[in-house]
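Visitor: let me see the structure of the following:
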Amino acid sequence: MMADYLLFASERYALPILQPLAQALQAAGHGVHAWFVDGAAGAELPAPVRMIGLHEAVALKPRAVFSAANWVPPFVSGAKVQLFHGFNVEKRSDERGHFRVRGLFDLYCTQGPATTAPFRALAAQAGHFAVVETGWPKLDPLFRDDEGASAALRAPAGSRPVVMFASTFTERLSAAPHLFDAIAAEVARGDRYWLLTLHPKCPPELFARYRSLAGANAAFFETEQLVAAQRAADVLLADTTSVVSEFVVQRKPVVTFRNRAPKPHMLDFDDPAQLPQMLERAFAPEPSLLAALSAYADSIHPYRDGRSSTRVIAATEALLNGELGTLRRKPLSSWWRALQIRRELGYWRP
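Guide: Prediction:
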């Protein structure tokens, strides 16, 4: 049965999360519509996804709304499905971060055992949402290069190894201001090729500095190319960004600068002068590091088949068909949040 589905985002980094799901829905013959607000306003997904606005989203009455934000407009019809905008990288406490339940969603599609168990415990207490482990749609393209995007990003490297650099926008955690000179020196050497990017919320002056490094030994790429770049790179240099966990799913080494919660699968350092030796270690990983990478990858995202989007759709259908049990009414706190969302969006109709 063909149905209409709505994709919702409030930041541009949600686009590569929603695009694989859009493709899976289209392949199944469904109508796919997208409503983007705030930081994602003005962005688009490729046709045949139909971009719509607030009033069209309400009139659509979708079968389900898939959100890659930490909220979703409750006044739009359909099951509300949380896809997550990143992995849990412990930037904040559980109460304020990844495991915060706002009473807006009916289904949480978790990425792997590390998030499934905590959310199932929360679901057992709250009773107003279901949890299904599906894997993360954003990583579907990580295990295939359907359009050759990864190969194109890697092509200028020739036979050289490839390093990717990514950084969070959180000022106290960002490596970008501290590592620029060290990275610039590595790029100038030219023995490795660099793929450089920054979080969309990083200051414009940082973007200008890193873009200036582009040339024969480096390229700067945009957020929409993030997954393709991860597939193209051999080693990641980063900080406390969730890109670290995305990259680790491939079982590839990661070098982190002052990570907030360093773990055995990371090569963490705190002095920019150490960058050359840390990269050397990453390109010649010890067996213990490879074992730690594999164990962590299995805990956060064991799926390597590129079919997480298909599992998300199946989980949503199971919810709508009553196969996941009967959910309780949303808590009173969710009604207050719903009023806040209406006020923020300027929508007061029933």
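Visitor: what segments of this protein are strands?
Guide: 4-9, 31-36, 50-51, 64-67, 79-82, 107-110, 130-133, 162-165, 193-196, 218-220, 235-238, 254-257, 266-269 (DSSP state E).
Visitor: direction included, what does the second one pair against?
Guide: Looking back up the chat, that one is strand 31-36. strand 4-9 (parallel), strand 50-51 (parallel) (DSSP bridges).
Visitor: would you format the strands of the chain as a markdown table with mean neighbour count and mean pLDDT included?
Guide: Any C-beta I mention is one placed from the backbone N, CA and C, and that applies to glycine too. Shown next, in a markdown table, are these (neighbours: other C-beta atoms under 10 Å; pLDDT from 0 to 100):
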| stretch | mean neighbour count | mean pLDDT |
| --- | --- | --- |
| strand 4-9 | 25 | 97 |
| strand 31-36 | 22 | 98 |
| strand 50-51 | 15 | 97 |
| strand 64-67 | 27 | 98 |
| strand 79-82 | 23 | 97 |
| strand 107-110 | 26 | 97 |
| strand 130-133 | 22 | 98 |
| strand 162-165 | 24 | 98 |
| strand 193-196 | 24 | 98 |
| strand 218-220 | 21 | 98 |
| strand 235-238 | 26 | 98 |
| strand 254-257 | 25 | 98 |
| strand 266-269 | 19 | 98 |
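Visitor: span of stretch 207-226 from start to end?
Guide: With C-alpha to C-alpha, to the nearest Å as the measure, stretch 207-226 spans 16 Å from end to end.
Visitor: about what we covered before: just put the strands of the chain in JSON lines and tack on distance to residue 121.
Guide: Shown next, in JSON lines, are the strands of the chain (distance: least, C-beta to C-beta, whole Å):
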{"stretch": "strand 4-9", "distance to residue 121": "26"}
{"stretch": "strand 31-36", "distance to residue 121": "32"}
{"stretch": "strand 50-51", "distance to residue 121": "38"}
{"stretch": "strand 64-67", "distance to residue 121": "22"}
{"stretch": "strand 79-82", "distance to residue 121": "16"}
{"stretch": "strand 107-110", "distance to residue 121": "12"}
{"stretch": "strand 130-133", "distance to residue 121": "9"}
{"stretch": "strand 162-165", "distance to residue 121": "35"}
{"stretch": "strand 193-196", "distance to residue 121": "38"}
{"stretch": "strand 218-220", "distance to residue 121": "42"}
{"stretch": "strand 235-238", "distance to residue 121": "30"}
{"stretch": "strand 254-257", "distance to residue 121": "29"}
{"stretch": "strand 266-269", "distance to residue 121": "27"}
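Visitor: contacts only, for the spatially most central residue of the chain.
Guide: Here the mean C-alpha position of the chain is nearest to the C-alpha of residue 86 (C-alpha atoms, centre = their mean), at a distance of 3.9 Å. Neighbouring residues of residue 86 by C-beta atoms under 8 Å, 6 or more residues apart in numbering: 13, 242, 245.
Visitor: the residues you listed in helices, which ones?
Guide: Taking DSSP state H as the definition of helices, the contacts of residue 86 contribute residue 245.
Visitor: about what we covered before: and the strands paired with strand 31-36 as TSV, adding distance to residue 81?
Guide: TSV is the format used below for those (distance: least, C-beta to C-beta, whole Å):
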stretch	distance to residue 81
strand 4-9	9
strand 50-51	19
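Visitor: of those strands, which is nearest residue 113?
Guide: strand 4-9 (26.4 Å; C-beta to C-beta).
Visitor: coming back round to it: and the strands of the chain: which comes nearest residue 57?
Guide: Proximity to residue 57 (C-beta to C-beta) singles out strand 31-36 among these, at 4.4 Å.
Visitor: now do the helices in the chain.
Guide: 15-27, 54-60, 113-126, 149-154, 176-189, 204-211, 226-232, 243-248, 275-283, 287-300, 308-320, 332-345.
Visitor: related to what we said a few turns ago, name the nearest of the contacts of residue 86 relative to residue 294.
Guide: residue 245 (13.7 Å).
Visitor: residue ranges in this structure under the pLDDT threshold?
Guide: The model of the chain has pLDDT under 70 over residues 1, 89-99, 146, 350.
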